[in-house]
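In: coords please:
(chains A and B)
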Protein chains: 2
Amino acid sequence: MSVIDGYTYGQNATSPVTLDDLSDLRASVLFGPDDEEALRLAGDVLESQVEDVLDVWYGFVGANPHLLASFSTPEGQPVEQYLARVRVRFGQWILDTCRRPYDQSWLDYQHEIGLRHTSAKKNHTDSANAPSYVALRHVIALIYPITATIRPFLERKGHSAEQVEAMFQAWFKAVVLQVALWARAYGDGKEW
Amino acid sequence: MSVIDGYTYGQNATSPVTLDDLSDLRASVLFGPDDEEALRLAGDVLESQVEDVLDVWYGFVGANPHLLASFSTPEGQPVEQYLARVRVRFGQWILDTCRRPYDQSWLDYQHEIGLRHTSAKKNHTDSANAPSYVALRHVIALIYPITATIRPFLERKGHSAEQVEAMFQAWFKAVVLQVALWARAYGDGKEW
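Out: Residues are numbered from 1 along each chain as shown, chains lettered A, B, ... in the order given. As a prediction, this is how the structure comes out:
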């Protein structure tokens, strides 16, 4: 089994977000047992395509200077090792989104992910010389491409239109839910 | 012409968000001229259905205590006049999302909308005795229902599957874009 650098699932501090907060957020995005089931199927569908999905997402980031800047030195040079290490965790994130139970360990890791986008922890895990945070607006905006680009991959393994739609909706909900959780790490959290 | 209480489009302070910031966000959500065109069509499709859309959204808020709380007194009583005034502006927001050019005036009003969700300005416009802010996490989470519930309304006026899909994607992008802008009003804006 290969170890993923900086992947600390199950070893994080307790999130300030409670399971009750999570329960409310699940209700807001209409996330239920059918979505959990659809995400399990999506995990099976996406497992062999993770690198292809990452190619699309990294291509998108690379084509947008305002996004690539988060992974670049003050001189504007992309930090290749940083990009490479984040990429492996991003791939695992796809599978975690599909397969992990959304429990306390998951909640704790979501907060860790949030912190790693802010000045509290960005760059630390990978000793990167890049900007000290990813602006919250970019994290929110990425809900669109991270959601829309997944559909063709969900369609690629011969599932019915109904199954694809169920997987897609569950994915959309799961992405929105996670961005809402990551936002907790920004600012003082007072009006989060 | 009826006047909408508290609707200050074109009369707001300049947003701290610049047109360059907006341009980056448009790129992040892949928003282009085709989306503007699709939104114009969506405006025509939705115009006669605004009250029906609002019925769905208000039904959803009313069914979720953690959402209804933002419109309720400290004793837990929904503030009917506040809900009613917000509803009229929410209806106008649907049409503005479809029909307004996303220019400086629009940007300024987006920031005003953001402020009205935070302790800076919530309740002021409607003299409401309700919580002093809508938690950012709920605003982000609502991206899902505000997007997903619009599709049946877009399908209802006899447009082709391709046209409906174009309108839906443009709506999805526009909602994500606006939530990213509203987030600017939260906290000190430093890592926004």
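
In: For A:Ser72, give me phi and psi.
Out: phi -120, psi 160 (degrees, to the nearest 10).

In: Using the three-state scheme, assign the one residue in chain A that gets nearest to chain B.
Out: Taking C-beta to the nearest C-beta, chain B has its nearest neighbour within chain A at A:Gly187, 3.0 Å off. Heads up, the C-betas are built off the backbone N, CA and C, glycines and all. The local conformation at A:Gly187, judged by DSSP: H, G, I helix; E, B strand; the rest coil, is coil.

In: tell me the contacts of it?
Out: By C-beta atoms under 8 Å, 6 or more residues apart in numbering or on different chains, A:Gly187 lies in contact with B:186-188, B:190-191.

In: now the spatially most distant residue from the centre of chain A, what's its secondary structure?
Out: For chain A, the residue at maximal distance from the C-alpha centroid (C-alpha atoms, centre = their mean) is A:Glu75, at 27.2 Å. At A:Glu75 the chain is in coil, as set by three-state DSSP.

In: which residues in chain A form helices?
Out: A:19-28, A:33-46, A:50-63, A:65-68, A:80-99, A:104-115, A:136-141, A:143-148, A:151-154, A:161-182 (DSSP state H).

In: okay, these, which one's buried deepest?
Out: Ranked by mean neighbour count, the helices of chain A are led by helix A:136-141 with a mean of 26 (mean count of other C-beta atoms under 10 Å in any protein chain shown).

In: and that one, what other elements does it pack with?
Out: Counting contacts by 3 or more C-beta pairs under 8 Å, 6 or more residues apart in numbering or on different chains; DSSP states H and E, helix A:136-141 is packed against helix A:161-182, helix B:19-28, helix B:161-182.

In: packing partners for the second one?
Out: In terms of contacts (3+ C-beta pairs under 8 Å, 6+ apart), helix B:19-28 is packed against helix A:65-68, helix A:136-141, helix B:104-115, helix B:161-182.

In: Could you list the residues in contact with the third one?
Out: In other words, helix B:104-115. Here helix B:104-115 has contacts from B:8-10, B:12-17, B:19, B:22, B:93, B:96, B:100, B:121, B:178, B:181-186, using C-beta under 8 Å, 6+ apart.

In: Try it again at 10 Å.
Out: Counting by C-beta atoms under 10 Å, 6 or more residues apart in numbering or on different chains, helix B:104-115 makes contact with B:6-19, B:21-22, B:89, B:93, B:96-97, B:100, B:102, B:120-122, B:124-125, B:136, B:139, B:177-186, B:189, all of which sit outside it.
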